[in-house]
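# okay, sequence plus prediction incoming.
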Amino acid sequence: PFILVSGTIGEELAVEMMKAGANDYIMKNNLPRLLPAIHKELEDAENRRKYKAIETRMHMLADIVESAEVGVIGLDNRGHIISVNVGAEKLLGLSAPYILGKDISIIKDTDGKPCFTEMLEYFNKGHRISGKELSVLSSKGQRLFIVTTFSSVINLLGEIIGTSIIFNDITMQREAEAELHDTQRWMMQTLNSLNTGVVFIDPLKQIIIGANTAASKILDIPELELSGKKCNGGMLCDGTDCPIMKEKIPQSHFESILARKKIPILKNILRTTFGGKDMLIESFIDISDLKQAQEQKSQLENQIRETERLQELGLMAGSISHDFKNFLQLLVVNLELMSDSCKENYELLGITKEMERIVHNAIGLCNQLTEFAGGNPSKLQKHDLSILVKQAVDLFEGKYGKGITFELDLFNKPLEIMADQVQVNQIIANILINSVQAIEQNKGTVKISTGEKNFGEGELLAPLNKSKLGKGRFAFVSIKDSGCGMS
């Protein structure tokens, strides 16, 4: 400060010096006023310095606000815009000259309604709202997502003189989040379309945090109920076989048992990061059908090998029967010669003829075996069933005639059938053998009868009607024995 003290200069010069920058003028005859003047000027100088500092700081703050990327809008208590920074102009696409002095309702949301008008009554009472997210419409019609902070502006006297609105554009963040959400939804739709079960696991807590539809179906637990369940200890695996605890990650294409369902599965485990967090993805498929198919394939291969063995055995049997038939043919020739030489010895002739019949039956069996080995059909001829039964019984009477009685009750009329003689003889012989073996101590009776019977449609029992025979007249053979039967 500059204080002029003089006793000679006039008032005009003093005024000029005050205009030139002197702070005060004191005459020498009034020196008691000097000390108060000095204090006053020093105080004014200090106030001017503080004001200058405040002014500098305010200019700096204004520059900071003006250069900030966020938008800043100042309102008076009536809701009129009194300041707007460059960030707000850029974000909203509105110039400062256009919006200054206008009501804040000029800024609309995506529905065309004012964004901030309803909130002004809160700020006039000194309220503050931070982090409120809004959707606004720019001057170009672009939808913007902003996060805002509203606060009252209070002066040094504690009076509310306006409201400040600070907002930041988070449109790119929200669009990225929406895109990520769409990607996640697409990924889950894709995962839910798979037959492979997929679960997401928190490796630290060892709990399931998500699963697809196939996993829910295989585990037989609703998808929402799967979240939060422990992955080991009876869910995906037993605690003793947990790949997380054994630190065997990643693993791919290995067979395991799904603990909850006790079914074989083929699974993969890999470690990944999602949202900055470690995560395990475990995928698995039920291979029960595959295992069953493999087992069926193995059984089929065994059956094929058995069939091939039987075919080889059949070929060998056919070859043997062919050679044996040649020997029997020689025996038939010799028996015919023997019959010619003993025509006068009726007893010997009867034995020879019976031997010829037996040998012919044996040749028939060889023919049947040869035909079976070669896959040829049986030769059907017309025969009387009663005669075929009588011939078969005559063979057994000679062998079991001492202790077992064979009683014949043959039909009184010819029972003509179309059949293979050898096959019929073999069937009757097998039944007679069973009957004889069922009789204890070789003492008993076997009753054999033939006859005919008319059956209506569906009267034949299913086990007896494998050829799907309809109604009609049928010939039958009945064989009963006095044995103990089967237990």
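Structure received.
# what about Val389, which helix or strand?
Using DSSP states H and E, Val389 falls within helix 385-400.
# likewise for Met355?
Going by DSSP H and E, Met355 is in helix 346-374.
# same question, His383
strand 381-384.
# pull out the buried residues from that strand.
For strand 381-384, burial by neighbour count (16 or more other C-beta atoms under 10 Å) applies to His383, Asp384. In short, each C-beta sits where N, CA and C put it, glycine included.
# and stretch 411-424, by the same measure?
Of all the residues in stretch 411-424, those buried under the rule 16+ other C-beta under 10 Å are Phe411, Leu415, Ala419, Asp420, Gln421, Val422, Val424.
# residue contacts, the fifth one?
The neighbourhood of Gln421, defined by C-beta atoms under 8 Å, 6 or more residues apart in numbering, consists of Gly364, Gln381, His383, Leu388.
# which of these sits closest to Pro97?
Gln381 (122.2 Å; C-beta to C-beta).
# surely the closest one meets Val422?
No: contact between Gln381 and Val422 fails when scored by C-beta atoms under 8 Å: they sit 10.5 Å apart.
# next secondary structure element downstream of the helix or strand Met17 falls within?
Met17 is part of helix 11-20, with elements assigned from DSSP H and E. Scanning forward in sequence from helix 11-20 by DSSP H and E, the next helix or strand is strand 24-27.
# quick one: list the elements packing against that next one.
If you count contacts as 3 or more C-beta pairs under 8 Å, 6 or more residues apart in numbering; DSSP states H and E, strand 24-27 packs onto strand 3-6, helix 11-20, helix 34-67.
# repeat that with 6 Å
Here strand 24-27 touches strand 3-6, going by 3 or more C-beta pairs under 6 Å, 6 or more residues apart in numbering; DSSP states H and E.
# distance of Glu11 from Asn425?
To Asn425, Glu11 is 169 Å away according to C-beta to C-beta, to the nearest Å.
# between the two, who's got more neighbours?
With neighbours defined as other C-beta atoms under 10 Å, Glu11 and Asn425 compare such that Asn425 has more, 19 against 9.
# residue contacts, Arg49?
Listed by C-beta atoms under 6 Å, 6 or more residues apart in numbering, Arg49 has no contact partners.
# with Thr213 instead?
For Thr213, the contact set (C-beta under 6 Å, 6+ apart) comprises Asn192.
# one more: Asp103?
Contacts for Asp103 (C-beta under 6 Å, 6+ apart) come out as Gly79, His80.
# beta partners for it?
Asp103 forms beta bridges with His80, as assigned by DSSP bridges.
# can you give me the strands in the stretch 201-350 of the chain?
With DSSP state E, counting those that start in this stretch as the criterion, the stretch 201-350 of the chain has strands at 207-211, 251-258, 263-274, 277-286.
# how about those, which one is nearest Val5?
Nearest to Val5 among those is strand 277-286 (80.1 Å), distances taken as C-beta to C-beta.
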